[in-house]
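J.: Next input, structure requested:
(chains A, B and C)
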Amino acid sequence: MLRRRPASDRLVDGGFRNLTIVLASFVAITLLAIFITVFQGAREAMQTFGLTFITTSNWNPVDNEYGAFTAIYGTLVSSIMALVIAVPLGIGTAIFITENLIPLRWREVIGVMVELLAAIPSVVLGLWAIFVMEPFIRPFLQFLYDAFGWLPFFNSPPQGPGMAPAIIILVVMILPIITSISRDALNQVPNELRQGAYGVGSTRWVAILNVILPAAVSSIMGGIMLSLGRAMGETMAVTMIIGNSNNFSFSLLAPGNTIASMLANQFGEADGIQVSALLYAAVILMVLTFTVNIAAQWIIKKLSLKY
Amino acid sequence: MTTTFPASSKSLHFNPSLKRNRLDQFLTGLAGVFSTIAVLPLILVLLYVLIQGGRLISIGLFTQLPPAPGLDGGGIGNALIGTVVVTLIASLIAIPVGVGGGVFLAEYSSGGWFAQFIRVGNDILAGVPSIIAGIFVYGAIVATRVFFGQSYTAAAGGLALAVLMLPTVIKTTDEGLKLVPRELTWGAIGVGASKFVTVTRITLPSAFTPIATGVVLAIARAAGETAPLIFTALFSPFWPEGLFNPIATMSVLIFNFAIMPFEPQNELAWAASFVLVVMILAANLFARWLRRFAAK
Amino acid sequence: MTSTKQATPATNTCLALENVSISYGSFEAVRNVHMDIPAGKVTAFIGPSGCGKSTVLRALNRMNDLIEGCTLKGRVVFDAQNIYAKEVDPVEVRRRIGMVFQKPNPFPKSIYENIAFGARINGYKGDMDELVERSLRKAFIWDETKDKLKESGNALSGGQQQRLCIARAIAVEPEVILMDEPCSALDPISTLKIEELMHELKKTFSIVIVTHNMQQAVRVSDQTAFFNAEAVEGGSGKVGYLVEFNETERIFNAPVQQATQDYVTGRFG
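T.: Numbering: from 1, shown residues only, chains lettered A, B, ... in the order given. Model (predicted):
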């Protein structure tokens, strides 16, 4: 006859299982609570301003008139511009450290350095941007103004904090993400495929551009979307260097704003409907980042090539 | 057979003037330039943090309070303790919850809708901007004054950081457990061990290193976070006064002091950056070592 | 015994290995190989696993360059040039010495593009449609693919994929085709088709094939090289070497070396 398991044993077994379920559901609870808290707070502003909140750029706490266009525009422009610069840099670096172009030791060193860059806190990068990077690039920005001031993108004199240095610091922040995801994607391309390409007489870059990159493209695209989400939500470094101005300007040399930096700057001192307006902006930021992140997951899952 | 390939010179020699070889060299050079640009910020940031912050390192930096605006001297003693306290609170919440959730996903779920939902939810939570986590904790805890009528508290700051740590801990636990060979689990179940004993005695310990690596990285990241703390833990010019009062942290100190127009405050921001960066890089190198150690 | 220079039949030599030793880092994989691979014939490399036969094969078109830390001593002479000379472009070598791999590895592109890719990068100026059809026909796979040239090469079965890879290799009109256990991942019927194909191909190309299947070597090859591995004095690993190289019939019926005799009669080990 089989020995029966003691009741206490089964109780512990079942209890532990239930405990893990409860702990796992904390994810859902937290997510739900975030949604409810932010939406609840934003309701008043949503009812008051409606969709004109998105299309107007008048942010006036004195008259209680709020339009977040400048911040939304700034969020999109800064993150997309940063992406446009960081994607070629990141993919180029990933290729450089996976495709056997330089000795292994150097590839490892560069890989480690890029990973460590991702570990530097945003606020430290912001400090560096204020005191080192921005003063350093100002002459160059001045040159852009002098030479191309007739373009709407450069039609204001650089005066310190502004959109352009914010974009550069965002590039620094998302570059490690794009590089490491691209590197993983390239490493996952089967070696047989590389050999096949070299076997028909490809040079290194013909193989990279025609066979290896296309095989890795879906993971890389997913990584790019993830870093776009990260760039849109990035707060500290951008807040410290973008100038936090709600006056709309096309000029990249002028101070601007993003939703995240507006929240960081005003939320602590806001009251009344301004809080609600800020939370309305937070809702927009959440919708933007959620959309981008879900698109990223979808790209990774659905578009992954089978090789 | 008709050959329509260009008449090969029959020479196997490398011909640098060929278009394909010129293109190859150009692109390799370009990738090299890109890589240089990618590592340049790290070198420059580290260099400045070392120079600007390193020269301010003294005993007083760690034992004194920051000076009042306009005054000289002082240290970041309270902020150093505050960062440790807030990160500790976050770890004490996020690690048990995250490991438990990860155990559920890897060991108990059989791919049902709930597990699927938690996995997707976890990915979404990982993508929530850190400032939103701060606003959420502000709305849920600070504004409602649930902690003994206190608004800004160290506990609220820790909670906000925990929200950011949770997805990473769950994901590394889930993935770490999945790396444990199934045979090991079967072996334990085969000798009559209950699922609870199997998981806690066999599976979890075998996955210790990958989980620990992920947890160390998550803690390091949380220690440097600022956005979730500015409306939760706030800041304090005094020594920490328990978990239910505002508390200074190094990251918020850097933010506050960087934008002040006073030289001594700016210098303390650099000094705090130095300490923070050294701590975080040390944690990262430790995690890297842990991974390499486990690979042996 | 470290090397054995065999008298080779008087045919045109296509590839000559002169005292070739190959190492991965500090580990020596193959030592002191001398052999003259004849043109216009099928040469098979056989031997137990770990004897370095695939390593030697990959050395013939510098495929080992892609492996970190792999170095070669000695000379591999092709078309009167040492392909390991400093001034040689490995890309040029691979254009004239094609390769088919153990696992079918079509590019994640259409069947048409799989064939056209190599030709295009080699500067092919003729009618691409005609080249694709001709290559697919030569690889006995035209009938199965002519209606789905735009579909992905990955949609084909394993055997079809391998014939597609052979078609891809012959489309660039190399002089030699190296085959690294091309049938090891295939079922018997696909294997038979590829063996049939090789009889056809040797009219145009010189073929070197690595196989772990002795019957296959007997069926397809004119010449056979038997490789073996022996323990290194004082070392931990084994190093491969060429035992015997001769006409296939001689290797299997009247080998000179006892080791060959043992291996081909299955008394090995």
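
J.: could you pull out the strands for the chain?
T.: Just going to use chain A. Assignment of strands within chain A using DSSP state E yields the ranges A:59-60, A:65-66.

J.: so where's the stretch 1-150 of chain B shaky on pLDDT?
T.: Scanning the stretch 1-150 of chain B for pLDDT under 70 picks out the ranges B:1-4, B:6-10.

J.: can you check chain C too?
T.: Segments of chain C classed as low confidence (criterion: pLDDT under 70) are C:1-11, C:234-236, C:267-269.

J.: Which residues of it lie near chain A?
T.: Selection of chain C residues close to chain A by Cβ under 8 Å from any Cβ of the partner chain yields C:61, C:63, C:66, C:68, C:91-92, C:94-95, C:98-101, C:103, C:105-109, C:117-118, C:121-122, C:154, C:165, C:168-169, C:171-172. (Glycine included, C-beta is placed from N, CA and C.)

J.: near chain B too, which of those?
T.: Checked against chain B using Cβ under 8 Å from any Cβ, those give the following subset in range: C:V91, C:E92, C:R95, C:I121, C:N122, C:V172.

J.: Near the fourth one, how many other residues are there?
T.: Meaning C:I121. A count of neighbours around C:I121, defined by other Cβ atoms under 10 Å in any protein chain shown, yields 20.

J.: same question, the first one
T.: When neighbours are defined as other Cβ under 10 Å, C:V91 has 22 of them.

J.: Excluding chain neighbours, what is closest to it?
T.: The spatial neighbour of C:V91 that comes closest, neighbours along the chain excluded (Cβ to Cβ, 6 or more residues apart in numbering or on different chains), is A:T203 at 5.1 Å.

J.: which residue sits closest to the residue in the stretch 201-307 of chain A that chain C sits nearest to in space, ignoring its chain neighbours?
T.: With Cβ to the nearest Cβ as the measure, A:G201 is the residue of the stretch 201-307 of chain A nearest to chain C, at 3.4 Å. If the residues on either side of it in the chain are set aside, A:G201 comes closest to C:R95, at 3.4 Å by Cβ to Cβ, 6+ apart.

J.: go on, B:V39?
T.: Counting by Cβ to Cβ, 6+ apart, the residue nearest B:V39 is A:M113, at 4.4 Å.

J.: How about A:A260?
T.: Of all residues not flanking A:A260 in the chain, A:T235 sits nearest, at 4.2 Å (Cβ to Cβ, 6+ apart).

J.: Tell me the residues on the stretch 51-200 of chain A that lie near chain B, please.
T.: So far as Cβ under 8 Å from any Cβ goes, the stretch 51-200 of chain A lies against chain B at A:88-90, A:92-93, A:95-97, A:101-102, A:110, A:112-117, A:119-128, A:130-133, A:172, A:175-176, A:179.

J.: follow-up on the earlier one: and the strands of chain A as TSV, adding distance to A:Q266, mean pLDDT and mean neighbour count?
T.: What follows is those, written out as TSV (distance: least, Cβ to Cβ, whole Å; pLDDT from 0 to 100; neighbours: other Cβ atoms under 10 Å in any protein chain shown):
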stretch	distance to A:Q266	mean pLDDT	mean neighbour count
strand A:59-60	9	86	16
strand A:65-66	11	88	20
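
J.: Please name whichever of these is nearest to B:G98.
T.: Nearest to B:G98 among the strands of chain A is strand A:65-66; the distance by Cβ to Cβ comes to 37.5 Å.

J.: Number of residues surrounding the residue of the stretch 51-200 of chain A found nearest chain B?
T.: Of the residues in the stretch 51-200 of chain A, the one nearest chain B is A:P121, at a distance of 2.8 Å by Cβ to the nearest Cβ. A:P121 is surrounded by 23 other residues when neighbours are defined as other Cβ under 10 Å.

J.: quick one, what contacts it?
T.: A:M236, B:A223, B:G224, B:E225, B:T226, B:S251, B:L276, B:V277, B:I280 (Cβ atoms under 8 Å, 6 or more residues apart in numbering or on different chains).

J.: Name the SS class of the spatially most central residue of chain C, please.
T.: In chain C, the centroid-proximal residue (Cα atoms, centre = their mean) is C:L178; its distance is 2.6 Å. Counting by DSSP: H, G, I helix; E, B strand; the rest coil, the backbone at C:L178 sits in strand.

J.: give me the beta-bridge partners of it?
T.: On the basis of DSSP bridges, C:L178 takes part in beta bridges with C:M99, C:V208.

J.: Now do it against chain B, distance only.
T.: C:L178 sits at a distance of 16 Å from chain B (criterion: Cβ to the nearest Cβ, to the nearest Å).

J.: That residue contacts C:L60, doesn't it?
T.: Yes: proximity of C:L178 to C:L60 meets the contact threshold set by Cβ atoms under 8 Å, at 5.7 Å.

J.: neighbours of A:A147, just the number please.
T.: 10.

J.: I meant to write B:P237 there.
T.: A count of neighbours around B:P237, defined by other Cβ under 10 Å, yields 15.

J.: Ramachandran coordinates for it?
T.: phi -80, psi 0 (degrees, to the nearest 10).

J.: With the one 10 residues further on instead?
T.: Summarising the backbone geometry of B:I247 under the convention degrees, to the nearest 10, its torsions are phi -140, psi 150.

J.: Check the gap between it and A:N265 for me.
T.: Here the distance between B:I247 and A:N265 works out to 21 Å (Cβ to Cβ, to the nearest Å).
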